[in-house]
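**Q** Quick one, what's the 3D model for this:
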Amino acid sequence: MGMKRRNRRIEVTLPMKFRPTYGATEYCPGNTTNLSAEGLCIEARDFRFIKYEYLELLFPVPDGPLTLYGDVAWKQQAGRGSTAGITIRMKDRARQKQALEMLCASANVPLSSLNSRDDRAGEAEETLMHSAQVAGADISAFPNKLGIIKQYHDGQARCTVTFRIPREVAGAARNAAVAGDFNNWEPARSPMVRLESGDFVISIELDSRREYRFRYLIDGTRWENDWYADKYLRNVFGSKDSVVIV
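**A** Numbering: from 1, shown residues only. Next comes the predicted model:
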């Protein structure tokens, strides 16, 4: 696949516990399954927290408890437990770097390996068309609804799928694209349109009775999964891809 990723994810197994930063609940036990310079993936028996919730993450490292903070980027059921992706986000960047160094040392992982670019990494931003310049885009044709919208036609053989990045995820992004099995993981082939609401959308016609992996590329540097995907599958890079079933 030609998908471009930003930083490498390293498979690790680290016990930890977590709770919301307001501290109103007891810590929940869990395990870290992979780690990158931007975030980590955790597995837990019960993960009750919602997307964007800010969590305190506590790791029992040799030099004493280590604390990181981050947002819930995604979550899904995994058998009897749950899996969640956390984007590390701390106000003190120097403290965040120091904490990552300690965490890497505890996991016997060189910090430099997290900062190295993934095999899929590249300067994709320069190849993306600005979303507002997509020729012939009829903004009124896009469904005004969150989630993945599927419209079947040609006797159910084909399906027009509308993908959407909500403004809460896009933030102040200048452009966005979707990359997946349907475009050979080349985001430049599927730039998205930015609506006045701040959402980014695109409609793509796909063959039915198939599953397609995909992810969103925001401003050429930030990869995001779809919160409304039909399911998620682990990829060869240690993270997970969104999946749409049509």
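**Q** can I see the domain layout of the protein?
**A** Following automatic domain parsing, the chain resolves into domains at 10-115, 124-245.
**Q** how about these in a markdown table, adding mean pLDDT and mean neighbour count?
**A** Where C-beta positions appear, they are placed from N, C-alpha and C, glycine not excepted. A markdown table is the format used below for the domains of the chain (pLDDT from 0 to 100; neighbours: other Cβ atoms under 10 Å):
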| stretch | mean pLDDT | mean neighbour count |
| --- | --- | --- |
| domain 10-115 | 84 | 16 |
| domain 124-245 | 83 | 17 |
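**Q** and the residue of the chain most remote from its centre, helix, strand or coil?
**A** What lies farthest from the middle of the chain is residue 155; by Cα atoms, centre = their mean that is 33.7 Å. Secondary structure, DSSP: H, G, I helix; E, B strand; the rest coil: residue 155 is coil.
**Q** Distance of it relative to residue 209?
**A** 12 Å (Cβ to Cβ, to the nearest Å).
**Q** ok, now residue 157?
**A** To residue 209, residue 157 is 8 Å away according to Cβ to Cβ.
**Q** Kindly report the same for residue 102.
**A** 49 Å.
**Q** same deal with residue 9?
**A** 31 Å.
**Q** How about residue 189?
**A** Counting by Cβ to Cβ - residue 189 and residue 209 are separated by 23 Å.
**Q** now swap in residue 15 and tell me
**A** 42 Å.
**Q** now residue 169
**A** From residue 169 to residue 209 the distance is 29 Å (Cβ to Cβ).
**Q** and residue 19, what does it touch?
**A** 25-28, 55-56 (Cβ atoms under 8 Å, 6 or more residues apart in numbering).
**Q** for residue 110, that is, sorry about that
**A** Applying Cβ under 8 Å, 6+ apart, the residues contacting residue 110 are residue 104.
**Q** got the phi/psi numbers for it?
**A** phi -60, psi 130 (degrees, to the nearest 10).
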